[in-house]
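*Asks:* Below is the sequence, then the predicted model.
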Amino acid sequence: MLATCLALAFSSRTAALRQPMVRARAGLQKARAARRSPRLRGAPATPQKRPLATSTARTPRAVPLTPPRRPRPARLLTTASKATKRPTTLRTFALPRRDVHDATAAAVKRIEVPTIGVDEVGRGCLAGPVVACACYLPADVDIDGIADSKTITTEKAREAIYEQLREAPGVRYALARADAPLIDDVNILQANLACMRAAAEALFDRLSSSDDGQDDVMIEVTAIGDVNNEAEEEDRLVAVVDGVDDPWRRGGRPRGLGVRTVKGGDGSVPCVSAASIIAKVHRDRLMHVLHEKHPQYGWAANKGYGSKAHRAAITKHGWVAGLHRESFDPVKSMINE
């Protein structure tokens, strides 16, 4: 019994003495491993080869029969790259100014020479002509209700104002129109400017001569000829044109005829408003005549504009050559099919 106790005491004492030595040896081995490990030195670790599979490998687990997940596409822009992305530079082009005669209604009142108003109707229609009118309205003529023809809701009210203009002393006007073939040939803007030039020059010649009569003959513009720049002289008459486009911006303006363009002049300058009403009445009457020949398009009601019923009739019955504008949709799309 005593021997057993002495053996146990000796073994425990020996283990206690060996424990520091074991710890020191473990620390030494760890330090040596640190010197050999590139990961602990901050260098990139060298990839190690995976051991080859042996016959003693484990049996693989059963994999569920599900389709593999498709890889997500890489995002083109991340949060970090958005902040550093260079802004896109948009190229801008300076458009040439169409007119240098822009004026206001107040500026027109300060013109010391007589003025004539010039306006057009039918620019956005699908069928029928564009009609322009130039009107001279004496300063002492005051007719209630003169305003832009587009703001007069009923055709009856417009006809009543037109009759008052015809009966008023000293009122003179001239009309011009361009039909669909010319519009398709030169585009609507050029046809519109040609009509306004023809109407204004006709009224200018009439006021410059001794002809005091008034007629409703409408000048038909069939072509746009070359214009010639003539010598300047003092204005004897000024044409006030509604909009921003000068009909004589390429030259050819008659001597003694000035021009001013007023944006919204058909609602602010009386002579331009009168020209708008006269042009609208004459074009509406012309569309009534065309409606009797082609009632399926409803021109008596829509006046050739692109209403829903008018577009549906074009799709059903086709278009009328010479009356419908083939450079406007939907006729243009039907031709290109």
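*Replies:* That came through fine. Numbers count the residues shown, from 1 in each chain.
*Asks:* Point out where the stretch 51-200 of the chain drops to low pLDDT.
*Replies:* Low-confidence segments of the stretch 51-200 of the chain (pLDDT under 70): 51-103, 105.
*Asks:* Let's see that with 90 instead.
*Replies:* 51-114, 139-154 (pLDDT under 90).
*Asks:* Mind jotting down where the strands sit in the stretch 201-337 of the chain?
*Replies:* Along the stretch 201-337 of the chain, counting by DSSP state E, counting those that start in this stretch, strands occupy 218-220, 237-242, 257-262.
*Asks:* Name the surrounding residues that touch the last one.
*Replies:* Residues external to strand 257-262 that are found in contact with it (CB atoms under 8 Å, 6 or more residues apart in numbering): 99, 101-105, 107-108, 111, 113, 200-201, 204, 235-248, 253, 268-269, 272. Quick note: C-beta positions are derived from backbone N, CA and C, even for glycine.
*Asks:* Please export the C-alpha coordinates of it as PDB.
*Replies:* C-alpha atoms of strand 257-262 as PDB (Å, rounded to 0.1, in the frame of the first residue of the first chain):
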ATOM      1  CA  LEU A 257     -43.800  97.300 -97.800                       C
ATOM      2  CA  GLY A 258     -42.500  96.700 -94.300                       C
ATOM      3  CA  VAL A 259     -43.000  93.600 -92.200                       C
ATOM      4  CA  ARG A 260     -43.400  92.900 -88.500                       C
ATOM      5  CA  THR A 261     -44.000  89.400 -87.000                       C
ATOM      6  CA  VAL A 262     -46.100  89.200 -83.800                       C
END
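*Asks:* I'd like to check the angle between that strand and strand 237-242, please.
*Replies:* 20 degrees (axes from the mean of the first three to the mean of the last three CA atoms, to 10 degrees).
*Asks:* list the buried ones in strand 257-262?
*Replies:* By 16 or more other CB atoms under 10 Å, the buried positions in strand 257-262 come out as 257, 258, 259, 260, 261, 262.
*Asks:* How about stretch 287-294?
*Replies:* Buried-residue list, stretch 287-294, by 16+ other CB under 10 Å: 287, 290, 291.
*Asks:* between the residues you listed, which is closest to residue 137?
*Replies:* residue 287 (25.4 Å; CB to CB).
*Asks:* Closest one of the buried residues of strand 257-262 to residue 336?
*Replies:* residue 261 (35.3 Å).
*Asks:* what separates residue 299 from residue 218, distance-wise?
*Replies:* Distance from residue 299 to residue 218, counting by CB to CB, to the nearest Å: 18 Å.
*Asks:* Between the two, tell me which one has more neighbours.
*Replies:* residue 299 (26 against 21; other CB atoms under 10 Å).
*Asks:* show me the contacts for that one.
*Replies:* 127, 128, 287, 288, 290, 291, 310.
*Asks:* any idea how far residue 21 is from the closest residue to residue 116 other than its chain neighbours?
*Replies:* Spatially, and ignoring its direct neighbours in sequence, residue 116 is nearest to residue 136 (4.8 Å; CB to CB, 6 or more residues apart in numbering). Distance, residue 136 to residue 21, by CB to CB: 126 Å.
*Asks:* Those two: which is more packed in?
*Replies:* Shown here are residue 136 and residue 21; by other CB under 10 Å, residue 136 has more neighbours (22 against 9).
*Asks:* Does that one touch residue 207 like I think?
*Replies:* Yes - applying CB atoms under 8 Å, one finds residue 136 in contact with residue 207, separated by 6.2 Å.
*Asks:* you'd agree residue 177 is up against residue 128?
*Replies:* No - judged on CB under 8 Å, residue 177 makes no contact with residue 128 at a distance of 9.2 Å.
*Asks:* Need the overlap of contacts for the two.
*Replies:* 283, 286.
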